[in-house]
Each structure stands twice: as C-alpha cells, then as structure tokens.
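Engineer: What follows is a predicted structure for the sequence shown.
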Amino acid sequence: MNTWVEAPPRRKGLGCFARGCLILLVFAIVLSIACFAGVYWGFQRHSAIVHGIY
C-alpha cells in the first residue's frame, strides 16, 4: 500500500478560463463592429447634420 501514486496526465487544450476569455473577446469584437456599422448607417441615412452639409 505504500507505493508511489502517479499524478493524472495533463489534459491538452484550452482550459475553461481561456475558452471563456476567447468567447468574450470574439463577442466584444462582433459587438463593436455592429455598433460602428449602426452608427455609420445612422449618420448616412437619418442625420440632419449630414444631410444639411450636402
């Protein structure tokens, strides 16, 4: 009973924390692209200031 106990082998791949950070990063990038596209579209279509300059 006094034998050496081997540690379990290390798992390969990303852990839960790294996977969650990657998901949040991708979500933030997609959200920022959508916000910039919406602001650009809004200024092009519905802005009285932009239409007044033309």
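Structural biologist: Yep, it's here.

Engineer: List the buried residues in the longest helix along the chain.
Structural biologist: If you go by DSSP state H, the chain has its longest helix at helix 16-46. Using 16 or more other Cβ atoms under 10 Å as the test for burial, helix 16-46 gives no buried residues. All C-beta spots, glycine's among them, are computed from the backbone N, C-alpha and C.

Engineer: Pull the distance from it to the chain's centre.
Structural biologist: Centre-to-centre, helix 16-46 and its host chain are 7 Å apart (Cα atoms, centre = their mean, to the nearest Å).

Engineer: I'd like the mean pLDDT over that helix, please.
Structural biologist: Taken as a whole, helix 16-46 has a mean pLDDT of 91.

Engineer: just checking, what packs against that helix?
Structural biologist: Applying 3 or more Cβ pairs under 8 Å, 6 or more residues apart in numbering; DSSP states H and E, we find helix 16-46 packed against no helix or strand.

Engineer: What lies in contact with stretch 18-33?
Structural biologist: With Cβ atoms under 8 Å, 6 or more residues apart in numbering as the test, stretch 18-33 has contacts from Leu14.

Engineer: Quick check: phi and psi at Glu6.
Structural biologist: phi -70, psi 140 (degrees, to the nearest 10).

Engineer: That one and Lys12, how far apart?
Structural biologist: Glu6 sits at a distance of 18 Å from Lys12 (criterion: Cβ to Cβ, to the nearest Å).

Engineer: can you check Ala28 too?
Structural biologist: Using Cβ to Cβ, one gets 27 Å for the distance from Ala28 to Lys12.

Engineer: swap in Leu22?
Structural biologist: Leu22 is 16 Å from Lys12, by Cβ to Cβ.

Engineer: Before I go, just wanted to say thanks for your time.
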